[in-house]
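A.B. asks: below is the sequence, then the predicted model.
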Amino acid sequence: MNGHKNWNHWNVSLWLFNDEGLYRWMRSCVRVTSTKDDAARRIMESLGEQETPDGAPYTYTSVRAALAHWEG
């Protein structure tokens, strides 16, 4: 799972980094917030209770874990 804690974290990261629209949106959330924690909260507020197309739920911890792997 490429260094991720579990399948859910890996799957959310995969979608956030490989879907162009989600990636651009994630980058903009990181740019306008002071920390990756704040960015993860902002992303979660917009996503609500949605899942990835593969069925992995977007959770604060999975989004935050994806951001932890990002060097942007």
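C.D. replies: Received, thanks. Everything numeric in this text was worked out from a predicted model, so none of it was measured.
A.B. asks: taking the centroid of the chain, which residue is nearest it?
C.D. replies: Closest residue to the average C-alpha location of the chain: residue 63 at 3.3 Å, with CA atoms, centre = their mean.
A.B. asks: that residue reaches residue 40, doesn't it?
C.D. replies: Yes. With contact defined as CB atoms under 8 Å, residue 63 counts as touching residue 40 (4.6 Å). For glycine as for every other residue, the C-beta is placed from the backbone atoms N, C-alpha and C.
A.B. asks: before we move on, back to that, how is the residue nearest to the centre of the chain assigned, secondary-structure-wise?
C.D. replies: Using DSSP: H, G, I helix; E, B strand; the rest coil, the secondary structure recorded for residue 63 is helix.
A.B. asks: show me what contacts it?
C.D. replies: Contacts here follow CB atoms under 8 Å, 6 or more residues apart in numbering; on that basis residue 63 touches 12, 16, 40, 43-44, 47.
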